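Q: Based on what follows, work out the 3D shape:
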Amino acid sequence: MELDEPTLASLFAQLGLANEPEAIDAFIEMHRGLHQTTLLAEAPFWQPAQRQFLTQALEEDAAWAEVVDQLDAQLRRKDSEDIDA
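A: From the prediction side, this is the model:
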């Protein structure tokens, strides 16, 4: 049985968050600018179970790791102007 590749939407669903494109964009916009020295799972906006899932996904290099890294990169952008700089 072949499983689907995890997506940002499925990651948000796994984390118990709204996973519609608008909700994902709003979450990223609200939490954008995560400091470079803060590990994603240590960000203050996660619940303990979410923190545990993110940590485990990265430690085990699980199928989720790539999409977790994608979310991490998006949360570290300060704003859209920084992309072109």
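Q: Residue ranges in this protein under the pLDDT threshold?
A: By pLDDT under 70, the weakly predicted segments of the chain are 1-3, 79-85.
Q: Sketch out the helices for it, chain order is fine.
A: For the chain, the helices defined by DSSP state H cover 8-14, 21-31, 48-59, 65-76, 80-84.
Q: out of those helices, nearest to residue 38?
A: In terms of Cβ to Cβ, the element of the helices of the chain nearest to residue 38 is helix 65-76, at 9.1 Å. Heads up, the C-betas are built off the backbone N, CA and C, glycines and all.
Q: so what does that closest one touch, helix or strand wise?
A: helix 8-14, helix 21-31, helix 48-59 (3 or more Cβ pairs under 8 Å, 6 or more residues apart in numbering; DSSP states H and E).
Q: Distance to residue 75 and mean neighbour count added to those helices, as a markdown table?
A: Formatted as a markdown table, the entries for these read as follows, by distance: least, Cβ to Cβ, whole Å; neighbours: other Cβ atoms under 10 Å:
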| stretch | distance to residue 75 | mean neighbour count |
| --- | --- | --- |
| helix 8-14 | 12 | 16 |
| helix 21-31 | 6 | 13 |
| helix 48-59 | 11 | 16 |
